[in-house]
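# Here is the input, now give the coordinates:
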Amino acid sequence: MTERSVTGRSLAGENGNLGSQVLRRFTVTFDYAGKRMFLEPNRTLNDPFEFNMAGFQFQKEFNGLFKITRILKNSSAEEAGVQADDWIVRVDDRPTEDLTYDQVYERILKEGEPIKLRLRRGDSEQDVSLTLRRLI
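Numbers count the residues shown, from 1 in each chain. Predicted structure coming up:
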């Protein structure tokens, strides 16, 4: 089954997003009449780019759990045995029902930090630990 974005567009072959990590570095002005966009650098222009340091992509599902949708090669997640279609039940001993997507994503941006996950795979659960590291 091909992954799809919320718009229904296929995500096959996508390598990442250009969006808030880039645009937040600029004051953006739209000239709708002239069909132009102006970017004026702001104080965050030279901030470092941060990216998922765990090595898995995920989405929050209606059941309150996070589903792992993709594992990045040579990542901490791959080395720890995390697999696509695993469900994240707990992050650092906190149930995922109590966490937002942004809270989990923010948690996997801290290089060198250990993170503990409880995963559900089929009918069983397992705890895995990994240390976050830069992938790019």
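# Would you map out the domains in the chain?
19-49, 56-131 (automatic domain parsing).
# Need the distance between the two termini of the last one.
Using Cα to Cα, to the nearest Å, one end of domain 56-131 lies 13 Å from the other.
# what about it, distance to the chain center?
Counting by Cα atoms, centre = their mean, to the nearest Å, domain 56-131 is centred 10 Å from the centre of its parent chain.
# hang on, the earlier thing: now the domains of the chain in JSON lines, with mean pLDDT and mean neighbour count?
Where C-beta positions appear, they are placed from N, C-alpha and C, glycine not excepted. What follows is those, written out as JSON lines (pLDDT from 0 to 100; neighbours: other Cβ atoms under 10 Å):
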{"stretch": "domain 19-49", "mean pLDDT": "90", "mean neighbour count": "10"}
{"stretch": "domain 56-131", "mean pLDDT": "95", "mean neighbour count": "15"}
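# For residue 105, which three-state class applies?
helix (DSSP: H, G, I helix; E, B strand; the rest coil).
# how about it, what does it touch?
residue 52 (Cβ atoms under 8 Å, 6 or more residues apart in numbering).
# distance of it from residue 54?
10 Å (Cβ to Cβ, to the nearest Å).
# Check residue 27 too.
Distance from residue 27 to residue 54, by Cβ to Cβ: 32 Å.
# likewise residue 97?
Counting by Cβ to Cβ - residue 97 and residue 54 are separated by 20 Å.
# go on, residue 103?
For residue 103 relative to residue 54 (Cβ to Cβ), the value is 14 Å.
# How about residues contacting stretch 84-101?
By Cβ under 8 Å, 6+ apart, stretch 84-101 touches 58-60, 64-71, 104, 107, 115-121, 125.
# what do you get for stretch 117-134?
Contacts for stretch 117-134 (Cβ under 8 Å, 6+ apart): 51, 53-55, 65, 68, 76-77, 79-83, 85-91, 108-116.
# all strands of this protein, in order?
26-31, 36-41, 56-60, 66-71, 87-91, 94-95, 114-121, 124-131 (DSSP state E).
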